[in-house]
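*Asks:* Predicted model and sequence follow; I will ask about them next.
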Amino acid sequence: MNVLRLTRDVALSLAGLAVFVGVVIYFATRPTEVVMVEGRDLFVRYCASCHGVSGIGDGPAASALQPPPEDLTRLRERYGEQHPLRSIITAIDGRRPVRAHGGSAMPVWGQVFEREMEERKIAWPQATTIQRERLIAEYVLTLQP
């Protein structure tokens, strides 16, 4: 009887471990389409009014802005083959301006996102803000020719 019980316990433990590993792998290697859809949705909601849906700086509010919104499809030209994910996230966040880039007419999205999360009583508003900024930045990188 003890051998059967031990075998059953080991089998159940291995099955539980397999399910856990499967869930971890699924979330760690989340399909690109999911990131693209979430990033695109956030981009359209927060960025397209100035940068345009295509990211070239032709949004409905663009003509009223000085300086005009940046053409986000030309980031590869500016940065070369490097993917400037951190720079894009910093620009989106807006709380730590990059001196070399001069002033920015862009909203400080980091504060906006955090305030939205706090109003909705979302746990970890700072982490959620960083996640949103990263999703938008990853989507912006897909706009490169």
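*Replies:* Cool, got the structure. Note that the coordinates shown come from a computational prediction; the quantities given were computed from them, not determined experimentally. Residues are numbered from 1 along each chain as shown.
*Asks:* Which pLDDT does the model give the closest residue to Arg95 other than its chain neighbours?
*Replies:* Nearest non-adjacent residue to Arg95, counting by Cβ to Cβ, 6 or more residues apart in numbering: Gly110, 4.7 Å away. Every C-beta, even on glycine, is put in place using the N, C-alpha and C of the backbone. Looking at Gly110, its pLDDT is 88.
*Asks:* So Gln111 sits against Ile92, correct?
*Replies:* No. Using Cβ atoms under 8 Å, Gln111 is not in contact with Ile92, being 11.5 Å away.
*Asks:* Looking at the two, which is more packed in?
*Replies:* Using other Cβ atoms under 10 Å as the criterion, Gln111 and Ile92 rank with Ile92 on top: 25 against 13.
*Asks:* Against Ser49, how distant is the residue nearest to that one when sequence neighbours are not counted?
*Replies:* Once flanking residues are discounted, Ile92 sits nearest to Glu133: 4.6 Å by Cβ to Cβ, 6+ apart. As defined by Cβ to Cβ, to the nearest Å, Glu133 lies at a distance of 17 Å from Ser49.
*Asks:* Neighbour count for these two, which is higher?
*Replies:* More neighbours surround Glu133 than the other of Glu133 and Ser49, with 21 against 14 (other Cβ under 10 Å).
*Asks:* give me the element the more buried one is part of.
*Replies:* Counting by DSSP states H and E, the element that carries Glu133 is helix 125-142.
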